[in-house]
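> Turn this into a structure:
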Amino acid sequence: MSIISFQRGDKTALTKNFARSEFQCPCGCGQQSLDTELAEKLQIIRDKLGKPIKITSGYRCLKHNQAVNGGTNSRHRYGMAADWRMKDRSLNPVALGILAVEAGFGGVGIYWYGNYAFVHADTRNAKATWLCDAKLHYPSTTYLKFILPTIRRGCTGDANRAATKMLQRLLGLTPDGIFGEKTENALLKAQEVHKLVVDGICGPASWRAISGADKYL
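Below is the predicted model:
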């Protein structure tokens, strides 16, 4: 971890494709903070994707963090976090979240609901992963070896429902969070297309293939 301070508008390069100003607080405040490890890990992902990444939220001063309902101890306040997506929106946040874990980020959250489709990544030392399928709803998946839970027909629980909504979006279905016959049938067809085990269970291999993350791993 290497936290640097800089002034608003500083366009000094951090990596080949990222500059300091991309991570600045949008509220107009002066001094900014940033963990350079954040940009370095995002550059790893940027290199794999071969396309621009847009930082939608980087450093947040206390006032701005409160205005956007950020957590009291949000890593954004210390320059340790960024919310981001593909600039052209060509890859979904499930795939990006998988890539963020692979790149070694400590905290990774997948946000996909309404018009929101982005990933939160931060440089905390501990592991923390979560899904966000509705405003201020963050079911934790930290207890899993993989960022997304293994889900199947009839599964229940907050994290499983959130994951089911994300799977349904990937499959082109209405995201209601209920893993029923329609979702199972769509998953079976997708598994067949991707030459996976056709069992109606969405585990790590299915998540990687159906989201498109496997092309970059």
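> residue closest to the middle of the protein?
The centre of the chain sits closest to residue 119, judged by CA atoms, centre = their mean, with a distance of 2.4 Å.
> okay, now the closest residue to it other than its chain neighbours: neighbour count?
Of all residues not flanking residue 119 in the chain, residue 96 sits nearest, at 4.5 Å (CB to CB, 6 or more residues apart in numbering). C-betas here are computed from N, CA, C, even on glycine. The number of residues packed near residue 96 is 25, by other CB atoms under 10 Å.
> Spell out the secondary structure type for the residue nearest to the centre of the chain.
strand (DSSP: H, G, I helix; E, B strand; the rest coil).
> So it sits against residue 81, correct?
No: with contacts counted by CB atoms under 8 Å, residue 119 stays clear of residue 81, the gap being 10.8 Å.
> And the lowest mean pLDDT element among the helices and strands of this protein?
Ranked by mean pLDDT, DSSP states H and E, the weakest helix or strand in the chain is helix 62-67, scoring a mean of 88.
> quick revisit: from residue 160, how far off is the residue nearest to the centre of the chain?
Look at residue 119 and residue 160: by CB to CB, to the nearest Å, they are 20 Å apart.
> What segments of the chain are helices?
Taking DSSP state H as the criterion, the chain carries its helices at 36-49, 62-67, 93-102, 158-170, 181-193, 204-211.
> isn't the residue nearest to residue 119 right up against residue 120?
No: Residue 96 lies out of contact with residue 120 (CB under 8 Å); the separation is 10.3 Å.
> circling back to that earlier point, list the contacts for the residue nearest to the centre of the chain?
83, 84, 85, 93, 96, 97, 100, 108, 109, 110, 111 (CB atoms under 8 Å, 6 or more residues apart in numbering).
> and the gap between the last one and residue 33?
The span separating residue 111 from residue 33 equals 23 Å under the rule CB to CB.
> And the second one, by the same measure?
Relative to residue 33, residue 84 is positioned 17 Å away (criterion: CB to CB).
> now stretch 95-115, how far from the chain's geometric center?
2 Å (CA atoms, centre = their mean, to the nearest Å).
> Looking at that stretch now, give me its mean pLDDT.
Across stretch 95-115, pLDDT averages out at 97.
> got the buried residues for that stretch?
95-103, 105-113 (16 or more other CB atoms under 10 Å).
> What of stretch 14-21?
Those would be 14, 18, 20, 21, for stretch 14-21 by 16+ other CB under 10 Å.
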